[in-house]
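**Q** Sequence first, then the predicted structure, then my questions.
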There are 2 protein chains.
Amino acid sequence: MSPRALVLLATGAEEMETVITVDVLRRGGVEVVVAGLDGETAVTCSRDVKIVPDTSIAAAATQGPYECIVLPGGGPGAAALGASAEVGKLLQEQDAAGRMIAAICAAPTALLDHKIGMGKNLTSYPAPAFKEKLTGPYNYLEDNVVVDGNLVTSRGPGTSFDFGLKLVEILVGEDKMKEIASAMLL
Amino acid sequence: MSPRALVLLATGAEEMETVITVDVLRRGGVEVVVAGLDGETAVTCSRDVKIVPDTSIAAAATQGPYECIVLPGGGPGAAALGASAEVGKLLQEQDAAGRMIAAICAAPTALLDHKIGMGKNLTSYPAPAFKEKLTGPYNYLEDNVVVDGNLVTSRGPGTSFDFGLKLVEILVGEDKMKEIASAMLL
Ligand SMILES: [Cu+]
């Protein structure tokens, strides 16, 4: 069976980080569910691209478990994910079961909001506010993609392909990752 | 006034090429209209991401001129753009006025379908079928982004950031292009 990933989509999410991750995972053979924080209606992203989620987070939560839960960046999107009790419950169950949690750009701050993976190696978008918030609670690194146990984090739009490919490598395998990277001209 | 770009969105478009280009142009200060070939309803892209266009191509055509018309790739999306008389008319008017036309991945084949920019330097996704079709009618090159007069072409998902940034450089300027590339961690 294909591994499954749940991508949490909130208003203000960074659309490139969202779409690159979803597309790369699907190219890699991962079954991806894009779940809207506010239900099934179209979500307006950070640069006004409007994406229709596959389902709501409430409905997606009843259809787990997912091998990986992905949090795209974008400041307001990440703040909404960090403020949601529903997201907190999903992430805490995922972490307790040792299953993968992945966050990029601003979204690692939502991990801190929900007390996920405390003390682990992690990265984020290099804005001073994020770096200061995350340094201490985590061991903050400057690599494009950081893997520590079940936690995978990355930095921003320009590292989104690396982020998606690392998830494919872990969930599916290195051969598949290399095959799709080549087909995408990376 | 901001330069304006029209992005033509058809079912089966490559969602990364679409969203990266739109997002990068908007970060660069270009006013972007995403127009659906089949109206205003959500468009299902090549890896099942569903994007809601800002308007229909029919409505967008009445609100020109646009400094640039962009054709995202994705095989079925590009074929639909190549088969549309409405798209042909828009592109021929754009080309006759010497305004920019940009196409990536499979979409340069739609330029050939509408006899746009014949004989110019051009590139595309390096699939043998595309390369054979375009070699002869055009001077086929292997660069990530090819600019020849008002025609800008590029190769695939992995060259989408370069493609979007080149459009920003031409439409807005090199300083803005460098500023947003840095902010995106490129
Ligand atoms: Cu971001």
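**A** Arrived safely, thanks for sending. Bear in mind the structure is a predicted one, so any value in this text is a computation, not a measurement. Numbering: from 1, shown residues only, chains lettered A, B, ... in the order given.
**Q** Chain A against the ion: which residues are in contact?
**A** Residues of chain A found near the ion (C-beta under 5 Å from the ion) are A:14, A:73, A:105. Quick note: C-beta positions are derived from backbone N, CA and C, even for glycine.
**Q** could you redo the last one with a cut-off of 8 Å?
**A** Within chain A, the positions lying close to the ion (C-beta under 8 Å from the ion) are A:14, A:17, A:46, A:73-75, A:78, A:104-106, A:125, A:156-157.
**Q** Please indicate which of those residues are buried?
**A** A:14, A:17, A:46, A:73-75, A:78, A:104-106, A:125, A:156-157 (16 or more other C-beta atoms under 10 Å in any protein chain shown).
**Q** In contact with residue A:139: list those residues for me.
**A** Contact analysis of residue A:139 by C-beta atoms under 8 Å, 6 or more residues apart in numbering or on different chains lists A:119-122.
**Q** and which of those is nearest chain B?
**A** residue A:122 (16.1 Å; C-beta to the nearest C-beta).
**Q** Distance check, the residue nearest to the closest one when sequence neighbours are not counted against residue A:154.
**A** Closest residue to residue A:122 apart from its sequence neighbours, by C-beta to C-beta, 6 or more residues apart in numbering or on different chains: residue A:138 at 4.2 Å. Using C-beta to C-beta, to the nearest Å, residue A:138 is found at 14 Å from residue A:154.
**Q** can you check residue A:169 too?
**A** 13 Å.
**Q** With residue A:109 instead?
**A** With distances taken as C-beta to C-beta, residue A:109 is found 14 Å from residue A:154.
**Q** what is the closest residue to residue A:150 other than its chain neighbours paired to in the beta sheet?
**A** Spatially, and ignoring its direct neighbours in sequence, residue A:150 is nearest to residue A:100 (5.0 Å; C-beta to C-beta, 6+ apart). Beta bridges link residue A:100 to residue A:68, judged by DSSP bridges.
**Q** Number of residues surrounding residue A:100?
**A** 21 (other C-beta atoms under 10 Å in any protein chain shown).
**Q** can you pull the contacts of it?
**A** Contacts for residue A:100 (C-beta under 8 Å, 6+ apart) come out as A:67-69, A:94, A:150-152, A:167, A:170-171.
**Q** try it again with 10 Å
**A** A:3, A:5, A:66-70, A:94, A:147, A:149-152, A:167, A:170-171 (C-beta atoms under 10 Å, 6 or more residues apart in numbering or on different chains).
**Q** Check the gap between it and the ion for me.
**A** 21 Å (C-beta to the ion, to the nearest Å).
**Q** Tell me the pLDDT of that residue.
**A** In this model, residue A:100 is scored at 98, pLDDT.
**Q** Next: residue A:1.
**A** 79.
**Q** Chain A: strands as residue ranges?
**A** A:4-9, A:31-36, A:43-44, A:50-52, A:55-56, A:68-71, A:100-104, A:121-122, A:139-140, A:145-148, A:151-154 (DSSP state E).
**Q** Could you provide the ones you listed in a markdown table, with additional columns for distance to residue B:51?
**A** Below are those laid out as a markdown table (distance: least, C-beta to C-beta, whole Å):
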| stretch | distance to residue B:51 |
| --- | --- |
| strand A:4-9 | 12 |
| strand A:31-36 | 12 |
| strand A:43-44 | 11 |
| strand A:50-52 | 6 |
| strand A:55-56 | 17 |
| strand A:68-71 | 18 |
| strand A:100-104 | 20 |
| strand A:121-122 | 31 |
| strand A:139-140 | 34 |
| strand A:145-148 | 26 |
| strand A:151-154 | 23 |
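**Q** between residue A:138 and residue A:154, what contacts are shared?
**A** Each of A:108, A:122-124, A:146 lies in contact with both residue A:138 and residue A:154 under the rule C-beta under 10 Å, 6+ apart.
**Q** Can you select the buried ones from those residues in PyMOL?
**A** Buried members of the shared contacts of residue A:138 and residue A:154, defined by 16+ other C-beta under 10 Å, are picked up in PyMOL with:
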select buried, chain A and resi 108+122+123+124+146
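**Q** now, which of the shared contacts of residue A:138 and residue A:154 sits nearest the ion?
**A** In terms of C-beta to the ion, no member of the shared contacts of residue A:138 and residue A:154 lies closer to the ion than residue A:124, at 9.2 Å.
**Q** overlap in contacts of residue A:169 and residue A:154?
**A** By C-beta under 10 Å, 6+ apart, residue A:169 and residue A:154 have these common neighbours: A:145, A:147.
**Q** So for those two, which residue has more residues nearby?
**A** Per other C-beta under 10 Å, whichever of residue A:169 and residue A:154 has more neighbours is residue A:154, with 32 against 18.
**Q** From what I see, the more buried one and residue A:142 are in contact.
**A** No. Here residue A:154 does not reach residue A:142: they are 11.5 Å apart, not a contact under C-beta atoms under 10 Å.
**Q** Pull up the overlap in contacts between these two.
**A** residue A:123.
**Q** Among the buried ones among the residues of chain A next to the ion, pick out the one closest to residue A:36, please.
**A** The nearest member of these to residue A:36, counting by C-beta to C-beta, is residue A:74 at 14.2 Å.
**Q** The closest one contacts residue A:107, correct?
**A** Yes. With contact defined as C-beta under 10 Å, residue A:74 counts as touching residue A:107 (8.0 Å).
**Q** any common contacting residues for those two?
**A** With contacts taken as C-beta under 10 Å, 6+ apart, residue A:74 and residue A:107 have A:10, A:13-14, A:17, A:81, A:125 as neighbours in common.
**Q** quick one on the thing from earlier: from the residues of chain A next to the ion, which are also near chain B?
**A** Contacts with chain B within the residues of chain A next to the ion, counted by C-beta under 10 Å from any C-beta of the partner chain: A:14, A:17, A:46, A:105, A:125, A:156-157.
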